[in-house]
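Student: show me how the following folds:
(2 chains)
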Number of protein chains: 2
Amino acid sequence: MGSHKYELLKTEGRAKRGRLTTVHGVIETPVFMNVATAAAIKGGLSADDLRSIRTQVALCNTYHLHVRPGDRVIHELGGLHSFMKWDRPILTDSGGFQVFSLAELRKIKEEGVSFRSHIDGAPIFMGPEESMRIQSHLASTIAMAFDECPPALAEKDYVEKSADRTYRWLIRCKAEMERLSEEPDTINKDQLLFGINQGAVYEDLRIDHAKRIAELDLPGYAVGGLAVGETHEQMYAVLDAVVPYLPQDKPTYLMGVGTPENIIEGVDRGIDFFDCVYPSRNGRHGNLYTGRGVVHINRACYEKDTRPIEEGCGCPVCRNGYPRAYIRHLIKAKETLGLRFCVMHNLYFYNHLMEEIRDALDDDSFGAWKKQKLDTLRENREAEGKTDA
Amino acid sequence: MGSHKYELLKTEGRAKRGRLTTVHGVIETPVFMNVATAAAIKGGLSADDLRSIRTQVALCNTYHLHVRPGDRVIHELGGLHSFMKWDRPILTDSGGFQVFSLAELRKIKEEGVSFRSHIDGAPIFMGPEESMRIQSHLASTIAMAFDECPPALAEKDYVEKSADRTYRWLIRCKAEMERLSEEPDTINKDQLLFGINQGAVYEDLRIDHAKRIAELDLPGYAVGGLAVGETHEQMYAVLDAVVPYLPQDKPTYLMGVGTPENIIEGVDRGIDFFDCVYPSRNGRHGNLYTGRGVVHINRACYEKDTRPIEEGCGCPVCRNGYPRAYIRHLIKAKETLGLRFCVMHNLYFYNHLMEEIRDALDDDSFGAWKKQKLDTLRENREAEGKTDA
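Tutor: You can find the predicted model right below:
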């Protein structure tokens, strides 16, 4: 299943400092992947911009690209890397999450899921084989297994049946991926398949599922079905329970998570990969992360503020000195440049946070760093008098 | 009225190859100014992006910036250059064109114009002194005189009265600008005032007006009130008639013009400065200029086109090889990156066209170059079977 290497460079408690070498280059972990849903980061960031904010991995969306422009089109064009001119690692999700959250009239069977396109209502069928073929067309570095992501608070009976089916689907994903890697017109024959652990908040189901998927010896494992409505404490409890049953010598990925606090807690529990729409979505709403708390750039107090978003920040927006007053004006005037600046800054903030985490792990000081960082984040939040997403 | 120097480097017929040295740097003419209405080019281009597409002059809009964020705010922040982090020349229009085209309930008197803000309906009064003070707050390199721009086909009686009033307003603009340049809190004491010739399509009125404003010995002169509904032939006839009455040793500016053909014909008739929303607006609609005609990137024929917008183009989008198929996808998926790419390419195309014009003038070959270029543009248009704006 592809030429690659995962090195566990350091550990501190459960926390891992890793390095995944792929055909598209090296990923230093823990890493935050930057969400480029339709082969572009919302807000007008190009592949060049991603290099300037030190993005390691772009995350693209299988479902969205399947319906537009179509994975066959991207395959003909040489895959996502040629399409969007990004030569570093790309992870594609399986499409499952969108099928279960966006699509209407869906019907789940053992074979897969029937549903209608959210764009034109066209009927679509997607199962493990279809998801693998689409992701193979996209030719991402890492493909995710096709799974069902039930609501966090679903009944245990349903979750158990669903997790069993997701396991059976994973076996089919693996077989299809192995078949595709031998096909002559497969662009990335070294595409890596990550399995996904499910089981909602039921620790016994999670552990049983983790044990079974670990036996399949895949290149990496994700914890899915979290950050979908449960509390942070429930999420951390699931990680405490299940991560020990995933192979330590393989990369782990906590899907769709989260706030800076969530990420730090996830790293502490053994997670390598993260992704979340928070930094880009918050950026588009003018909520900007800084080391001293969130700057809500729409507020009147920034109308005449000549400072950059954050003094000393290395992002292209702060480095070039664009003043807060200007960024506020752009957002108010609905100039797309305002969105672009805010999204760039926030993604850089997250990418830089991961650099701090890796540095702390390299220095064997993650525990102390974590305590101090979480204190600062809490103080910032309290100073604001409100909780930020 | 400010430290500056205009050098007439070459002439060929009426065509001028000039160089205007300002406190914000040198402008090589003929030049196309890039329209940054609300202190940003629509489509998400930053000041950094402008440098990458070889913009010489950004054109900002006095009326829009007066109503949002307010010229006093920009003055407190140190002027437009500090606000938008663009350290090269900026020209501000007078606000007159927007007052006469956008604003509702306007009432023209000798003192100036009363109208209501198009954003919140607030009452605003703007006359020559107000326009000069606002532009002084903005601290642009070049300020434009406050004028009335009557419809191209207005009755001669009205146009004559209007041009007379515009002349009286120009005298007041000049006096106010001289006063402002002595004020201690004026940011750019070297701000240059350009007068504006009016008179619609009536050549005798145009010439009479030009003679009178030329006597005021301003740093530059614009031809206004064109590209507002008259034919191209009428516009060229006005330029043929009036430009000889504007000082050859001062920069000339044809406001709001136009297509590549219009610009080439304008240069041939002695124009130094141009501005127009065509390249950015066409870009936002996916209509891309190339040396072989307009590429309508939305068309199905580009769905699988791996070529850049134009082979050999030096713009950042083409140079980085982003494929037409990707740009088409971005526009279809309403990703703002698509707009940004298209606007960057089109503005670069115009900026590069001006470089070609200057090179031809430097080589004393403008006449031959013009003939060939207009032939190519006509052939491209005929091949398309339609006229592009």
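
Student: where does the residue in the stretch 101-250 of chain A that chain B sits nearest to land in three-state SS?
Tutor: Chain B sits closest to A:I119 of the stretch 101-250 of chain A, with a gap of 9.7 Å, by Cβ to the nearest Cβ. In short, each C-beta sits where N, CA and C put it, glycine included. What DSSP: H, G, I helix; E, B strand; the rest coil gives for A:I119 is coil.

Student: counting neighbours, what do you get for it?
Tutor: Neighbourhood size, A:I119 [other Cβ atoms under 10 Å in any protein chain shown]: 10.

Student: measure it to B:K332 for me?
Tutor: Distance of A:I119 to B:K332, computed by Cβ to Cβ, to the nearest Å: 10 Å.

Student: who touches both of these two?
Tutor: A:R68 (Cβ atoms under 8 Å, 6 or more residues apart in numbering or on different chains).

Student: picking that back up, what sits against the residue of the stretch 101-250 of chain A closest to chain B?
Tutor: A:67-68.

Student: how about A:V267, phi and psi?
Tutor: Main-chain dihedrals, A:V267, degrees, to the nearest 10: phi -60, psi -40.

Student: what's near enough to touch the residue lying closest to A:V23 once chain neighbours are set aside?
Tutor: Distance criterion Cβ to Cβ, 6 or more residues apart in numbering or on different chains; nearest residue to A:V23, sequence neighbours excluded, is A:D190 at 4.5 Å. By Cβ under 8 Å, 6+ apart, the residues touching A:D190 are A:2-4, A:22-23, A:181.

Student: residue with max distance from the center of chain A?
Tutor: Distance from the C-alpha centroid of chain A peaks at A:K304, with 36.1 Å (Cα atoms, centre = their mean).

Student: tell me the backbone dihedrals of that residue, please.
Tutor: phi -120, psi 30.

Student: list the contacts of it.
Tutor: Contacts of A:K304 (Cβ under 8 Å, 6+ apart): A:325, B:73, B:76-77.

Student: distance to A:H285 and pLDDT added to the contacts of A:D190, as TSV?
Tutor: Formatted as TSV, the contacts of A:D190 follow (distance: Cβ to Cβ, whole Å; pLDDT from 0 to 100):
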residue	distance to A:H285	pLDDT
A:G2	39	57
A:S3	42	81
A:H4	37	95
A:T22	34	98
A:V23	37	98
A:S181	42	97
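
Student: wait, which of the contacts of A:K304 is closest to A:I124?
Tutor: Nearest to A:I124 among the contacts of A:K304, counting by Cβ to Cβ, is A:A325 at 47.2 Å.

Student: can you give me the distance of the closest one to A:W369?
Tutor: Counting by Cβ to Cβ - A:A325 and A:W369 are separated by 34 Å.

Student: next helix or strand past the helix or strand bottoming out on mean pLDDT in chain A?
Tutor: Scoring the helices and strands of chain A by mean pLDDT, DSSP states H and E places strand A:104-108 at the bottom, with a mean of 77. Using DSSP states H and E, the next helix or strand after strand A:104-108 towards the C-terminus is strand A:113-116.

Student: in the following helix or strand past that next one, what counts as buried?
Tutor: Later in the chain than strand A:113-116, the nearest helix or strand by DSSP H and E is strand A:123-126. Buried residues in strand A:123-126, counted by 16 or more other Cβ atoms under 10 Å in any protein chain shown: A:124, A:126.

Student: coming back round to it: A:A325 and A:W369: who's more crowded?
Tutor: Ranked by neighbour count (other Cβ under 10 Å), A:A325 and A:W369 place A:A325 first, with 22 against 17.

Student: show me what the host helix or strand of the more buried one is in contact with.
Tutor: Following DSSP H and E, one finds A:A325 within helix A:324-332. Contacts to helix A:324-332, defined as Cβ under 8 Å, 6+ apart, come from residues A:286, A:295, A:297-299, A:302-309, A:317, A:337-339, A:341-342, B:38-40, B:68-69, B:73, B:77, B:83-85.

Student: what about 7 Å?
Tutor: Outside helix A:324-332, the residues that touch it by Cβ atoms under 7 Å, 6 or more residues apart in numbering or on different chains are A:286, A:297-298, A:302-307, A:309, A:337-338, A:341-342, B:39-40, B:68-69, B:77, B:83-84.
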